[in-house]
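**Student:** Sequence first, predicted coordinates after that:
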Amino acid sequence: VQLQASGGGSVQAGGSLRLSCAASGRTFSGDTWGWYRQVPGKQRELVATISSGGTTDVADSVKGRFAISRDNAKNTMYLQMASLKLEDTAVYYCNARRKWTPTYNHWGQGTQVTVSS
């Protein structure tokens, strides 16, 4: 399975962006997809996750501003970002993992989000 992230770009503070992550190949129910972000010199941090059943978990730093969703039929996940802040600037990575057989842990290539004042 390959994950392809897209939708990043440059936006002014307060603006919005929607990221997409499309999976090619078969995925299985019972997995969890997520968005992570990383800035140079810092560890990759969790932004939000969503289970195949739709249960979501969103980091406190983006709660109320970001929304994660997925379309299982299209094998695609989204991150709707609103009220963007300078500190949201990062490379955003998508991930799909499954703890049970068949197990997997796939990462997308990352998409840059730059928020400017």
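**Tutor:** Perfect, thanks for sending it.
**Student:** and the end-to-end length of stretch 18-30?
**Tutor:** 25 Å (C-alpha to C-alpha, to the nearest Å).
**Student:** For the residue nearest the centre of the chain, name its beta-bridge partners.
**Tutor:** With distances taken as C-alpha atoms, centre = their mean, the residue of the chain nearest its centroid is Trp35 (2.4 Å). Note on Trp35: beta-bridge partners Ala48, Cys94, judged by DSSP bridges.
**Student:** I'd assumed Val47 was in contact with it.
**Tutor:** Yes - look at Trp35 against Val47 with C-beta atoms under 8 Å: they come within range, at 4.2 Å. (Each C-beta comes from the backbone N, C-alpha and C, glycine too.)
**Student:** Can you check which residues contact both of those two?
**Tutor:** Common contact partners of Trp35 and Val47 (C-beta atoms under 8 Å, 6 or more residues apart in numbering): Ile68, Leu79, Tyr92.
**Student:** quick one: which of the residues you listed is nearest Ala13?
**Tutor:** The shortest gap between Ala13 and any of these belongs to Tyr92, at 16.9 Å (C-beta to C-beta).
**Student:** I'd like the distance between the closest one and Thr103.
**Tutor:** 24 Å (C-beta to C-beta, to the nearest Å).
**Student:** Neighbour count: the two, which is higher?
**Tutor:** A count of neighbours by other C-beta atoms under 10 Å puts Tyr92 above the other of Tyr92 and Thr103, at 23 against 10.
**Student:** got a list of what that one touches?
**Tutor:** Ala5, Gly8, Leu19, Trp35, Tyr36, Arg37, Val47, Leu79, Gly110, Thr111, Gln112, Val113.
**Student:** Fine by me, we can end here.
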